[in-house]
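1. Whatever this is, show me its structure:
(one chain, ligands or ions: 1)
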Amino acid sequence: MSQRVTRRQFLNYSLMGVGSFMAAGIAMPLGRFALDPVFKGGAAGNMITTSVKTSEITQVPSKVDFKFEQKDGWYTSEVTEFAWVYKEGDNIVALSPTCKHLGCTVNWAGDDSHPDQFFCPCHNGRYKKNGKNIPGTPPLAPLDQYKVGEKGGMLTIGKKHPNELVK
Ligand code: FES
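-> The predicted structure follows:
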């Protein structure tokens, strides 16, 4: 038994087909546009070469600036940050200056009564040289650490990660 398609059904099927085709044609580029940053490989994780020679790094923490491109969706900007860098034996240590209490910037030897510690002036937070937060001061976690390396004798700085020096 043959099934006849009425003119109305034929029109419905045709319109649905054309409508779906047009919707897909619009949705695919929009979806790709919305997810573009996700598909692009970011520069995050790359090592950044600083202007500091590794041979000049001492046991006293000093500020080392580094610049990188930050992508926020489609907006790219150049950001300058710094790390507290020092030598511990043959190893180079780079600590984040961002206080783990409320995010102020910590200074090395910023408090005259504790010249061998990092000091956060916002709420008198203190950290040992390896970044360990001093109990009884506001910060509840150690300073983060940066991955470090060397390229052509220059210090390179990479991604920030939780402190691995503090046991
Ligand atoms: S923000 Fe550093 S102690 Fe509060």
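
2. alpha carbons only for contacts and neighbour counts from here, please
-> Fine.

3. which sections of this structure are below the confidence cut-off?
-> 1-2, 29, 31-45 (pLDDT under 70).

4. Mind listing what's buried along the longest strand seen in it?
-> Longest strand in the chain by number of residues (criterion: DSSP state E): strand 75-88. Applying a neighbour-count criterion of 16 or more other CA atoms under 10 Å, one finds Phe82, Ala83, Trp84, Val85, Tyr86, Lys87 buried in strand 75-88.

5. Break down the protein into its strands, ranges please.
-> Going by DSSP E, the chain shows strands at 48-53, 62-72, 75-88, 91-95, 107-108, 118-120, 125-127, 145-151, 154-161.

6. Quickly compare the ones you listed and say which is most buried.
-> Among the strands of the chain, strand 118-120 has the highest mean neighbour count (mean count of other CA atoms under 10 Å), at a mean of 27.

7. Not counting that one itself, show me its contacts.
-> 99, 104-111, 125-129, 131 (CA atoms under 8 Å, 6 or more residues apart in numbering).

8. Would you give the sheet partners of that strand, along with the direction of each?
-> Its sheet considered, strand 118-120 pairs with strand 107-108 (antiparallel), strand 125-127 (antiparallel) by DSSP bridges.
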